[in-house]
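Undergrad: here is the input, now give the coordinates:
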Amino acid sequence: MKKLKYFYLVLVFGLLVISVVPVKAQCSTCSANVESNSKSGDNKTNGLNSGIMYLLAAPYLAVAVVGYIWYKKYRRKDVDLKIRPQKLNLN
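TA: This next block holds a predicted model:
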């Protein structure tokens, strides 16, 4: 039964990856404004692209900060490692 769950999970994930559809994520006003500015040689499109990159990086940065805080808070401290006092022969 467990293998069947994993199979369905992999199947759904595979179908999601395969069925990529290009979309336009801008409203029509923003899209028309950017197109007209880029055709006229204005550099405002670079600012829009930079803003999109900042918005893209923000969730990854937030997850990284939460993960680091979680790691620091819950990692095991004072772990006694039992290491043999003998030298190891690696030949």
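Undergrad: which stretches of the protein aren't confidently modelled?
TA: 22-26, 44, 78-79, 91 (pLDDT under 70).
Undergrad: quick one: which helix or strand includes the residue most central in space within it?
TA: For the chain, the residue nearest the mean C-alpha position is residue 60 (5.4 Å; Cα atoms, centre = their mean). Residue 60 belongs to helix 44-74 when assigned by DSSP states H and E.
Undergrad: helices or strands next to that helix in the packing?
TA: Where contact means 3 or more Cβ pairs under 8 Å, 6 or more residues apart in numbering; DSSP states H and E, helix 44-74 is packed against helix 28-40. The way it works is simple: take the backbone N, C-alpha and C, and place the C-beta from them, glycine included.
Undergrad: now the helix it packs on: buried residues?
TA: Neighbour counts over helix 28-40 (16 or more other Cβ atoms under 10 Å) mark 33-34 as buried.
Undergrad: run the angle between that helix and helix 44-74 for me.
TA: Angle of helix 28-40 versus helix 44-74, following axes from the mean of the first three to the mean of the last three Cα atoms, to 10 degrees, is 120 degrees.
Undergrad: helices or strands up against helix 28-40?
TA: helix 44-74.
Undergrad: burial of residue 42, as a residue count?
TA: If you count neighbours by other Cβ atoms under 10 Å, residue 42 ends up with 13.
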